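**Student:** Got a predicted structure plus its sequence, pasted below:
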Amino acid sequence: MTRQLSIICSTPKPKSTRVRLAVAARVCEGLSIAAAAEKAGLSRNGFSKALKRPEVQQHLQQVQAAYLAEVDAKRALFKSRALEVAADLMMNAKSETVRLRAAEFLAGNGKTAAVAIHVDARARGYEYPEPGQRIVEIEPSGS
């Protein structure tokens with residue numbers, strides 16, 4: 001799925017449409033330089049060389065800024081939807097646990113409760129004696 005970002009540029013755009021497509025693929029799809037170049041029909045070396053030009057670097061920064069703005073807008077939309085769903089669960093869920101979790105979610109301003117992890121640190125398995133340490137084996141009594 002390729003999408004074009006419409007950006008109003010005050011600086012000159014790269015002349016090549018392929019370079020612009022490779023930059024968009026690199027930023028929006030998270031592709032490597034080689035994969036973005038291949039997708040746009042460029043060689044890896046050609047795209048790497050183009051990335052060193054000032055107008056391409058400026059275009060890359062503008063595409064990154066536009067992409068981050070788009071992601072922030074989506075985050076705000078999804079956060080508001082998550083709050084609506086949590087409110088609905090808090091009011092209408094049959095399970096008390098679900099209602100409690102929804103209330104905790106809403107009370108935390110859309111953040112989930114901290115997860116507690118218990119690690120059993122008691123020694124198990126092999127133990128290696130230090131030099132000079134005596135080893136005592138305790139055997140169960142035969143009854």
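**Tutor:** That came in fine, so what should we check first? All values derive from a computational prediction rather than experimental measurement.

**Student:** For burial, what's the neighbour tally of Ala25?
**Tutor:** Taking other C-beta atoms under 10 Å as the criterion, the count of residues near Ala25 is 19. Backbone N, C-alpha and C define where each C-beta goes, glycine included.

**Student:** What are the boundaries of the helices in the chain?
**Tutor:** 17-28, 33-40, 44-51, 54-92, 96-107 (DSSP state H).

**Student:** The longest one packs against which elements?
**Tutor:** Going back to what we said before, that points to helix 54-92. Contact here means 3 or more C-beta pairs under 8 Å, 6 or more residues apart in numbering; DSSP states H and E; on that basis helix 54-92 packs against helix 17-28, helix 44-51, helix 96-107.

**Student:** what do you get if the cut-off is 7 Å, keeping everything else the same?
**Tutor:** helix 17-28, helix 96-107 (3 or more C-beta pairs under 7 Å, 6 or more residues apart in numbering; DSSP states H and E).

**Student:** weakest of these in terms of mean pLDDT?
**Tutor:** Lowest mean pLDDT within the helices and strands packed on helix 54-92: helix 96-107, at a mean of 85.

**Student:** Now do that helix against helix 54-92, angle only.
**Tutor:** Taking axes from the mean of the first three to the mean of the last three C-alpha atoms, to 10 degrees, one finds that helix 96-107 is oriented at 130 degrees with respect to helix 54-92.

**Student:** Excluding covalently adjacent residues, which one is nearest to Glu38?
**Tutor:** Arg44 (7.6 Å; C-beta to C-beta, 6 or more residues apart in numbering).

**Student:** What's the separation between the one you found and Ser32?
**Tutor:** Arg44 sits 9 Å away from Ser32, taking C-beta to C-beta, to the nearest Å as the criterion.
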